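Undergrad: sequence below, structure please.
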Amino acid sequence: MRSRIIPVDPRLDLEILMYPSFAYPLFEIQSNRITKLWGVCSGLTIHKKVKELIVEHNDSECLEYAEEIIGIWSKHTKNHYLARKYMDFVEVLKSEYSWFGIATSSRDDIEIFASIYLSQNTDFHTNVVKWVQKALANYGSVEPIINLDRIRLTKEIGGSYQVLNLVIALKEYIDYRDKILRSSDENSKKYLLRIKGVGPKISHAYLVFVKKSTIYAPIDRNLLSFLSKFEITSNLVASLPRKDMCLKYVCDSCPINISCTYYKIRNVFSEYSAWIQTIAYVHTKLMCRPRRCRECFLKQICSVQSQWSS
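TA: The predicted structure follows:
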C-alpha cells in the first residue's frame with residue numbers, strides 16, 4: 001500500500017466536504033475518513049489527522065487523483081478581477097470556508113451524470129444515494145441498468161419516475177458521451193441539453209463536476225435563497241435559465257440574458273460561481289437556522305437574521 005500526505009486547513013471536515021458532491025454515492029463517508037468503494041481508484045482511502053490528510057492506495061496515480069476528489073482543483077486564490085463589493089463578499093465567505101473545495105471524481109462521468117440526473121425533485125441523500133449505490137452494488141457501474149426491463153429495474157434499483165427516466169437519458173448520454181467530453185464547455189452544454197429531461201441546472205452541474213468548469217453554477221432553490229439573504233447579492237436573483245434559449249445562444253449573445261439569474265451570477269463571480277453555489281448549498285442545508293443566527297459569521301450582512309432576531 002502506497003501513501004502520501006496532503007497538508008490541509010485543520011477546519012476541513014471530510015463529511016461536510018463530500019455532502020454537496022454528486023460523487024457522494026461512490027464513497028463510504030465519515031467525518032474523518034472517506035473510502036472510495038466504486039469507480040476509478042476504488043479502494044482509495046483519505047484519512048484526516050488535524051492538519052493533514054493521509055491518502056492510501058496501491059496506485060500512485062490514485063494518490064494524485066485524491067487532490068481532485070477533495071476539491072483542491074477548485075480553490076481559487078485570486079479575486080482581483082471581481083468588482084470591489086463582490087470581492088468583499090467573497091472574502092467574507094472565505095473567512096469561514098476557505099478550506100472548502102468542490103469534491104468530485106470526473107473520471108466517473110457516467111455515475112456523476114446519473115447522480116445529477118436522479119436528483120430532480122427528490123432528496124439527494126435519502127433517495128439518489130440509495131438508487132446509485134444499488135446500481136453500483138449490483139453491477140459495479142450504473143451503465144448496465146440501460147439493459148434492464150422495467151420490472152427488473154423497479155425491483156433492483158427503484159420504481160420512481162427519476163429512475164425510469166434515467167434509463168432513457170443514460171442511453172442518450174452514452175451516445176453523446178465522446179462529443180460531450182471532448183468539446184468546449186459551451187458545445188458540451190448544447191449536447192447535454194439535447195438529452196431528454198436535461199435542462200440548464202443539470203447541464204451546469206455536469207460541467208462543474210465532470211468538466212471541472214467553475215464558471216458554471218446550477219441555479220437551485222438553495223442558491224436563490226442564499227443570495228436573497230444579502231443586500232449585496234439579492235439583485236442577482238431574477239429569472240431561471242431557459243432551456244430553449246440555452247440551446248440557441250451562448251450566454252453573451254442571448255437576447256434575454258439581462259434577466260437571467262445565471263448570467264448575472266457568472267458576470268459578477270466568474271470562476272467563483274460554482275464555489276459560491278456549493279457554499280450556498282452547504283450553508284443553507286446544514287448551517288442556516290434561526291437558533292444559530294447569533295453565532296453565524298454572516299449575521300452582519302444577512303437581512304433574514306435581523307427578521308428572525310426581531
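
Undergrad: what mean pLDDT would you report for the helix of greatest length in the chain?
TA: If you go by DSSP state H, the chain has its longest helix at helix 161-182. Across helix 161-182, the average pLDDT comes to 98.

Undergrad: with stretch 247-266 instead?
TA: On average, stretch 247-266 scores 97.

Undergrad: by mean pLDDT, flag the weakest helix or strand of the chain.
TA: Ranked by mean pLDDT, DSSP states H and E, the weakest helix or strand in the chain is helix 303-309, scoring a mean of 62.

Undergrad: show me the helices in the stretch 1-150 of the chain, by range?
TA: Per DSSP state H, counting those that start in this stretch, the stretch 1-150 of the chain carries helices over the ranges 14-18, 60-69, 84-97, 109-118, 129-139, 150-156.

Undergrad: what do you get for the stretch 151-300 of the chain?
TA: Here the stretch 151-300 of the chain has its helices, by DSSP H, counting those that start in this stretch, at 161-182, 185-193, 200-209, 221-228, 243-248, 261-269, 273-282.

Undergrad: follow-up on the earlier one: give me whichever of the helices of the stretch 1-150 of the chain is most buried.
TA: Of all the helices of the stretch 1-150 of the chain, helix 109-118 has the most neighbours on average by mean count of other Cβ atoms under 10 Å, namely a mean of 24. Yep, even glycine has a C-beta here, placed from its N, CA and C like the rest.

Undergrad: I figured Asp220 hits Lys285, correct?
TA: No: using Cβ atoms under 8 Å, Asp220 makes no contact with Lys285, being 10.8 Å away.

Undergrad: and those two? which has more neighbours close in?
TA: Comparing Asp220 with Lys285 by other Cβ atoms under 10 Å, the one with more neighbours is Asp220, at 18 against 13.

Undergrad: residues contacting the more buried one?
TA: 201, 277, 281 (Cβ atoms under 8 Å, 6 or more residues apart in numbering).

Undergrad: out of those, grab the one that's most surrounded.
TA: Gln277 (27 neighbours).
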